[in-house]
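From the sequence below, what's the structure:
(chains A and B)
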Amino acid sequence: MDASQLDATFAALADPTRRAILARLATGEASVTELAEPFDMSQPAISKHLKVLERAGLIVCGHDAQRRPRRLDPKPLADAIGWIETYRQQWEAAFARLDGVLEEMKAEKKAETRDRKRKRR
Amino acid sequence: MTENITVTITTPSDRETVVTREFDAPAALVFDAVTKAELIKRWYGPDGFLDSCESDVRVGGTWRFAFTVGGKQMAKYGVYNEIDPPRRFVRTERFEGWEDYEALMTVEFVERNGKTTMTQHFVFPSRELRDTVMKTGLTPQGMSAFYERLDTLFAEMQR
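Take a look at the predicted model:
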């Protein structure tokens, strides 16, 4: 996925209504009429959001010419989540190990200080 | 996944990435743990395993971390430009066999009440190279991990 595609994905996901539409589509395809209902929005307003989501490649139009149901395309979303999330999780894992190293270093330091005090006596 | 989120990642511009994390240790210890070879070996690298690790911590000194990913041997290397223990260091980062790429990494340590916040600031030569590095990260993970995250997100969305 190139950078401009990723931008379109993030821009599309920035709007809570559009995220809610995606969440609804995650449960199965739906027509514009079906989508307009729960959101208490006009069909043109919903259509506008759908266009943004379509352009971002997040949803695709189904085959039924009359209902024109929309469904979710999970790939760009997976890329958008994976991009930062995978990177973050790798640091989480590395830093969790670093926590362990720091605990050992603290314990060693404590032992050293104790030994030095003992020698002075 | 019930993992705690402790690492903050931001992308202040097209060519930058900032990774921030707090550690329960004084700055001097954290500084040593991320700059001294024998300590780096104990936590850094894919699955915590480095094939070799060199780090000459002085201005103009070089560093090199070698590791194996999916049977392929790789190495990161660079030069320390600034050393100011335990507050800050700056080093360049390159990958062997990847000539286009050189990043600048500035690491700062701020200690408060015995805890240290470490901020790693990366500046990449271009947006494309930053994206490539962030996508592959320390270990190139398969798409399966991405889809797992997506499934979790959808499960949350449907609640």
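
how about the longest strand along chain B as PDB, C-alpha atoms only?
The longest strand of chain B (DSSP state E) is strand B:98-112. What follows is strand B:98-112, C-alpha atoms only, in PDB (Å, rounded to 0.1, in the frame of the first residue of the first chain):
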ATOM      1  CA  TRP B  98      20.500  -0.800   1.600                       C
ATOM      2  CA  GLU B  99      22.400   2.300   0.400                       C
ATOM      3  CA  ASP B 100      19.400   4.700   0.100                       C
ATOM      4  CA  TYR B 101      18.700   4.600   3.800                       C
ATOM      5  CA  GLU B 102      20.200   6.600   6.600                       C
ATOM      6  CA  ALA B 103      18.200   7.700   9.600                       C
ATOM      7  CA  LEU B 104      19.200  10.100  12.400                       C
ATOM      8  CA  MET B 105      18.100   8.900  15.900                       C
ATOM      9  CA  THR B 106      18.100  11.200  18.900                       C
ATOM     10  CA  VAL B 107      17.400   9.600  22.200                       C
ATOM     11  CA  GLU B 108      16.600  11.700  25.300                       C
ATOM     12  CA  PHE B 109      16.200  10.500  28.900                       C
ATOM     13  CA  VAL B 110      14.200  12.500  31.500                       C
ATOM     14  CA  GLU B 111      14.300  11.300  35.100                       C
ATOM     15  CA  ARG B 112      11.500  12.100  37.500                       C
END
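
List the contacts of the helix or strand following it.
Remark: after strand B:98-112, the chain's next helix or strand is strand B:115-123, criterion DSSP states H and E. Applying Cβ atoms under 8 Å, 6 or more residues apart in numbering or on different chains, the external contacts of strand B:115-123 come out as B:15-27, B:29-30, B:34, B:93, B:103-110, B:130, B:133. For the C-beta atoms, the positions are set from N, CA and C on the backbone; glycine is no exception.

quick one: pLDDT of B:Pro12?
Model confidence at B:Pro12, given as pLDDT, is 84.

Revised request: answer the last question for B:Gly48.
In this prediction B:Gly48 is given a pLDDT of 68.

Ok, A:Leu50 next?
Residue-level pLDDT assigned to A:Leu50 equals 93.

pLDDT weak spots in the chain?
You didn't pick a chain, so chain A it is. A:1-7, A:10, A:74, A:77-83 (pLDDT under 70).

You answered for a different chain; I wanted chain B.
B:1-3, B:46-48, B:69-70, B:135-159.

Run through the strands of it in chain order.
Using DSSP E, the strands of chain B run over B:8-10, B:16-23, B:52-55, B:62-69, B:72-84, B:88-95, B:98-112, B:115-123.

quick one: strands adjacent to the last one?
The strands beside strand B:115-123 in its sheet (DSSP bridges) come out as strand B:16-23 (antiparallel), strand B:98-112 (antiparallel).

so which of the ones you listed is the most packed in?
strand B:16-23 (a mean of 18; mean count of other Cβ atoms under 10 Å in any protein chain shown).
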